[in-house]
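**Q** Predicted model and sequence follow; I will ask about them next.
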Amino acid sequence: MRAYNLLFLYVGFVLFLLATIFTYLSVTNTLSEAIYIYVEKNIMYQSNISGEQIDWFLVAKRIISSFFHQFRYNSLALVASTLTLLFIFVKRLKLSKISSYFFTSRLFLSACLFFVSLFTILFSKNNFGHYFIVAFFPMAIFFSELYYCISKELSSKWKSFYSIGIFMCFLVGFNYNYLGKSIHLLIAKPIERPKYKLGYPKGYQLDNHLAEWLNSHHINSKNTILYLGWFNAQMVYYELGRSYDPVYRSANFFWYRLTYENKNWEFFNHEEANLMEDLRKTPPFYIVDSEALLSKIKNTEFTQYVDANYFVAQNAPGFKIYQRKN
């Protein structure tokens, strides 16, 4: 009965959360755009952009390797607790009782939730670290159930050893190095920021000459900008801070470029419609192209818009800056 109560609690929480999100999107008139961004785009990304076909052996292999890689000592504590609990059950209960107890327990429900989250995370056939953030909540529920079951079975002496061991696993797994870097990055002056890695192998991805040119040619009344790039766009927007206002609703040009290159015209037309709506509402004074995007994309509404309204103000190795004519 307790297991069913837990299931109803989970389902009730999910329904409440969905109802809240749906109500907010309906009130703000952003429901259709949210469905496009979070549902349609993700389905397209999973089915068309990732190059591999679904291979369940590969998915299982990635769950093992990726999960341990992302959570390290936390996953070690989880597996150790699972094995400990299995040892206790095998030692103290008959097999028939193990089955009847496990499949009607909260532990089984939380385990299902946890493993479903892992499979859905890797269903897109990619192995990006931020995907695994979604697994933290189900993992926490599963681990809490494990801890509860083990604590009930162990004597007070062994319970203390177990608790201390688990606590040490989490302490060792905590990334103090990156926590310190993140804090220092937040309070660092702009000139000091390049020495912080920001998660990139080559460090801070920013063309200093580009940032210097934009800062030296800044005009208060004409501080709107559009950057045609991916990671570099986000780095430049971050570096410029409030001195320039991005005009495009997306932080980068990933989807615009990718849907064009993949000739996915339905999604590309939607992306370009959003882009042109933003540009007509707030025309950018500068357009920065660091990936030669305008030379790769031909005969689109956006390229025609740039040709008609902009001229090259700076042509440097690695980037071009277009300035509005009037």
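**A** Good, I have the coordinates.
**Q** The stretch 1-150 of the chain: helices as residue ranges?
**A** 2-27, 31-35, 41-44, 56-71, 73-92, 95-102, 106-121, 136-153 (DSSP state H, counting those that start in this stretch).
**Q** Just say helix, strand or coil for residue 288.
**A** Three-state assignment for residue 288 (DSSP: H, G, I helix; E, B strand; the rest coil): strand.
**Q** contacting residues for it?
**A** Residue 288 makes contacts with 210, 214, 225, 226, 227, 228, 229, 236, 319, 320, 321, 322, as judged by Cβ atoms under 8 Å, 6 or more residues apart in numbering. For every residue, glycine as well, the C-beta is placed using N, CA and C.
**Q** quick one: which of those residues is nearest residue 309?
**A** Using Cβ to Cβ, residue 322 comes nearest to residue 309 of the contacts of residue 288, at 8.9 Å.
**Q** wouldn't that closest one be in contact with residue 283 here?
**A** No: between residue 322 and residue 283 there is no contact under Cβ atoms under 8 Å: 11.7 Å.
**Q** Between the two, which has more neighbouring residues?
**A** Taking neighbours as other Cβ atoms under 10 Å, residue 322 and residue 283 compare with residue 322 leading, 23 against 17.
**Q** and the host helix or strand of the more buried one, what does it pack onto?
**A** Residue 322 belongs to strand 319-324 when assigned by DSSP states H and E. Using 3 or more Cβ pairs under 8 Å, 6 or more residues apart in numbering; DSSP states H and E, the elements in contact with strand 319-324 are helix 208-216, strand 286-289, strand 310-316.
**Q** how close does residue 34 sit to residue 324?
**A** Between residue 34 and residue 324 the computed distance is 32 Å (Cβ to Cβ, to the nearest Å).
**Q** Go ahead and report the secondary structure state at residue 249.
**A** Residue 249 - assigned by three-state DSSP - is coil.
**Q** show me what contacts it?
**A** 274, 278.
**Q** Got phi/psi on it?
**A** Main-chain torsions, residue 249, degrees, to the nearest 10: phi -70, psi -20.
**Q** And it, how far from residue 37?
**A** Residue 249 is 10 Å from residue 37, by Cβ to Cβ.
**Q** hmm, back to that, which of the contacts of residue 288 lies closest to residue 243?
**A** Of these, the one sitting nearest to residue 243 (Cβ to Cβ) turns out to be residue 214, at 8.1 Å.
**Q** what about the closest residue to that closest one other than its chain neighbours, helix or strand, and which?
**A** Closest residue to residue 214 apart from its sequence neighbours, by Cβ to Cβ, 6 or more residues apart in numbering: residue 240 at 6.4 Å. Assessed by DSSP H and E, residue 240 sits inside helix 231-240.
**Q** If you count neighbours, what's buried in that helix?
**A** 232, 233, 234, 235, 236, 237, 239, 240 (16 or more other Cβ atoms under 10 Å).
**Q** Now that we have these, can you turn them into CSV and tack on pLDDT?
**A** Below are the buried residues of helix 231-240 laid out as CSV (pLDDT from 0 to 100):
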residue, pLDDT
232, 77
233, 80
234, 78
235, 78
236, 81
237, 81
239, 77
240, 80
